[in-house]
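*Asks:* Have a look; sequence and predicted model below, questions after that.
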Amino acid sequence: MMDHGMWDSARQPWDRQDDPSEALPELLRVAGWDDERVDRCRSVYESLPSVEGAAGAAATTTFLATLGVPATMEAHYYRAMLRGTRLSFYDFLVALVAMDPTTAHGGVWNGLRAQYVFRVYDQDGDGELSATELAVLLGHVRLAYGQPSLEVEAEMAEAAALHEQLTGAVGTRLTLPVFREAVGQLKLRGCSRLYRTEFPLCLPAAKESAATAVAAAAVAAAAPFESPFESPSGAVGPYRYAPVVAQPLAAPTLHALGSGPERQPLAALAPYPADEAEGLMPGQLTHRLALSGT
């Protein structure tokens, strides 16, 4: 595994095509972040030990762990957040708003979130997703929807088939533009649940209580998860899994992010705007990995 310095040297430049023309205040308004939430975010950023005036890699990855980011993904999240050689407050703020589960996956945030997801799973920083990296992404989609993982051979076969489907011609690389198009055209679904935290971030206690008061008790009427590829047993797909409601993760929470026993897991928030952007009805689990037009 690469250390932070090697990750930084391998990191691909931020593609400014995904930066919307709207100014930051408009992006924050669309996401529902007011001045109070921004101030709470700033207090977290300023509390992190800095390196040359910016939040350092070690401090940021430790902070990401408090948000429930798996240990194997912390450094990849940090690398995805960087737009330059240092993590500025602007980088930190926009990255956290994009992670917030209440930020829509579509609209002005669509391109930004697509790039963050791509950068997280481009784990060697070479500017493309290999079949192996795509297999990690698909495995995390399953986890996000509470579905069982596949055997390694089946997982790699599925990822290889999807990789070929998305890239088309032999020799085409699964670069950010190709990935962006696949997500935008719904050829690759489920990314709305990736690069997310379990709970809304930086909410003052009163607003957090109001937000969770309207949360649903559980995901209702979930449809089966489907894959367009052959099952490990050789039966022709799509094959189906019964929906499973994921249990909330127990993770420490910094005071500035808001806390309290009334917090609800991501799966209980209703409606979930990211699912709407992918054609998924609120409260339903209808996911097809790569069948365009289905």
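*Replies:* It's in.
*Asks:* What about residue 106, how many residues nearby?
*Replies:* Residues contacting residue 106 under the criterion other C-beta atoms under 10 Å number 15. Just so you know, the C-beta spots here come from the backbone N, C-alpha and C atoms, and that holds for glycine as well.
*Asks:* what do you get for residue 91?
*Replies:* Residues near residue 91, counting by other C-beta under 10 Å, number 18.
*Asks:* contacting residues for it?
*Replies:* Residues in contact with residue 91, defined by C-beta atoms under 8 Å, 6 or more residues apart in numbering, are 81-84.
*Asks:* how does it look with 10 Å?
*Replies:* 14, 45, 54-55, 81-84 (C-beta atoms under 10 Å, 6 or more residues apart in numbering).
*Asks:* For my notes, confirm it occurs in a strand.
*Replies:* No. Secondary structure of residue 91 (DSSP: H, G, I helix; E, B strand; the rest coil): helix, not part of a strand.
*Asks:* Model confidence for residue 94, exactly?
*Replies:* As predicted, residue 94 sits at a pLDDT of 96.
*Asks:* quick one: buried residues of the helix or strand containing it?
*Replies:* Residue 94 belongs to helix 89-99 when assigned by DSSP states H and E. For helix 89-99, the neighbour count (16 or more other C-beta atoms under 10 Å) marks 91-99 as buried.
*Asks:* Tell me which two in these are the farthest apart.
*Replies:* 91 and 99 (12.5 Å; C-beta to C-beta).
*Asks:* just for the stretch 151-294 of the chain, where's the confidence low?
*Replies:* 169-171, 205-294 (pLDDT under 70).
*Asks:* can you tell me which of the contacts of residue 91 are in strands?
*Replies:* Judged by DSSP state E, strands contain the following of those: 54-55.
*Asks:* Would you check which pair of the contacts of residue 91 lies furthest apart?
*Replies:* Across the contacts of residue 91 (C-beta to C-beta), the longest gap, 18.6 Å, separates 14 and 45.
*Asks:* These two: which is more packed in?
*Replies:* residue 45 (22 against 16).
*Asks:* Touching, that one and residue 63? I think so.
*Replies:* Yes. With contacts counted by C-beta atoms under 10 Å, residue 45 reaches residue 63, the gap being 9.0 Å.
*Asks:* okay, and the common contacts of those two?
*Replies:* Listed as contacting both residue 45 and residue 63 by C-beta under 10 Å, 6+ apart are 55, 92, 96.
*Asks:* gap between the two ends of stretch 69-82?
*Replies:* 17 Å (C-alpha to C-alpha, to the nearest Å).
*Asks:* Go through that stretch and flag the buried ones.
*Replies:* 69, 73-82.
*Asks:* could you redo those as JSON lines and give each row secondary structure and distance to residue 32?
*Replies:* Formatted as JSON lines, those follow (DSSP: H, G, I helix; E, B strand; the rest coil; distance: C-beta to C-beta, whole Å):
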{"residue": "69", "secondary structure": "coil", "distance to residue 32": "22"}
{"residue": "73", "secondary structure": "coil", "distance to residue 32": "26"}
{"residue": "74", "secondary structure": "helix", "distance to residue 32": "26"}
{"residue": "75", "secondary structure": "helix", "distance to residue 32": "29"}
{"residue": "76", "secondary structure": "helix", "distance to residue 32": "27"}
{"residue": "77", "secondary structure": "helix", "distance to residue 32": "22"}
{"residue": "78", "secondary structure": "helix", "distance to residue 32": "25"}
{"residue": "79", "secondary structure": "helix", "distance to residue 32": "27"}
{"residue": "80", "secondary structure": "helix", "distance to residue 32": "22"}
{"residue": "81", "secondary structure": "helix", "distance to residue 32": "20"}
{"residue": "82", "secondary structure": "coil", "distance to residue 32": "25"}
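*Asks:* Out of these, which is nearest to residue 130?
*Replies:* residue 76 (14.3 Å).
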